[in-house]
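Asker: please work out how this folds:
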Amino acid sequence: MTVFALDPLDLAALLCSRVCHDVISPVGAIINGLEVLDEENDAEMRGFALDLIKKSAEQASARLQFCRLAFGAAGSAGASIDTGDAEKVARGLFGGERTQLAWNMPCLLMPKNKVKLILNLCLIAAAAIPRGGIIEVTLSGEEPARISVTAKGTNAKLAGQLPGLLTGRRINTPPARRTFRPIMRGSSPRPRTWF
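Answerer: Next up is the predicted model:
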């Protein structure tokens with residue numbers, strides 16, 4: 001079993017930082033588009049600005065919906081979540097990216113913690129293939145069903161302490177911040193950390 005101490009307030013701060021980081025890029029693009037609309041009279045530039053606003057609003061919405069399901073409360077204790085909803089938010093997150101999603105799981109109700117685990121494993125898988133590739137989510141077998149999330153792409157690699165954490169190796173210190181990288185890319189080509 002993996003054991004490391006993380007203060008609940010620190011965990012909350014890390015999750016909030018993650019959500020803010022993922023949403024700031026499309027929100028900034030919306031603001032830029034509105035500024036262009038305010039200053040430009042050229043029809044072509046106004047059309048470009050409206051397209052930017054539309055795409056950025058869709059991107060911000062997709063990211064927030066994913067974070068809500070992957071990190072949020074998502075119903076009461078013991079609640080179930082439709083895997084179709086999980087597929088929808090995952091597809092929204094990866095839409096337009098270099099990373100493709102192969103979702104090989106029927107629509108069914110699963111305990112929310114399992115669905116959250118699947119979505120968080122999708123984040124880890126996407127971070128392991130920064131140049132893009134394919135993430136495959138598969139459900140196989142009868143009860144207990146086997147869930148697998150795999151990533152295939154150029155130079156695929158899990159960062160830092162993640163391999164040990166995923167195998168349940170005991171560690172005494174929390175993972176380094178740079179271990180976790182966002183999969184959601186903004187306009188900057190540089191890799192950025194979660195917080």
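Asker: okay, CA-based contacts and neighbour counts for the rest of this
Answerer: Will do.
Asker: how about the helices in this structure?
Answerer: 8-39, 43-71, 83-94, 112-127, 162-166 (DSSP state H).
Asker: next, format the ones you listed as TSV and append mean pLDDT.
Answerer: TSV is the format used below for the helices of the chain (pLDDT from 0 to 100):
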stretch	mean pLDDT
helix 8-39	87
helix 43-71	92
helix 83-94	92
helix 112-127	91
helix 162-166	72
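Asker: export those to JSON lines and append columns for distance to residue 141 and mean neighbour count.
Answerer: Converted to JSON lines, these look like this (distance: least, CA to CA, whole Å; neighbours: other CA atoms under 10 Å):
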{"stretch": "helix 8-39", "distance to residue 141": "33", "mean neighbour count": "16"}
{"stretch": "helix 43-71", "distance to residue 141": "24", "mean neighbour count": "18"}
{"stretch": "helix 83-94", "distance to residue 141": "16", "mean neighbour count": "20"}
{"stretch": "helix 112-127", "distance to residue 141": "16", "mean neighbour count": "21"}
{"stretch": "helix 162-166", "distance to residue 141": "22", "mean neighbour count": "14"}
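Asker: for the ones you listed, which one sits closest to residue 105?
Answerer: Nearest of the helices of the chain to residue 105, taken as CA to CA: helix 83-94 at 7.6 Å.
Asker: who are the packing partners of the closest one?
Answerer: Applying 3 or more CA pairs under 8 Å, 6 or more residues apart in numbering; DSSP states H and E, one finds that helix 83-94 contacts helix 43-71, strand 99-104, helix 112-127.
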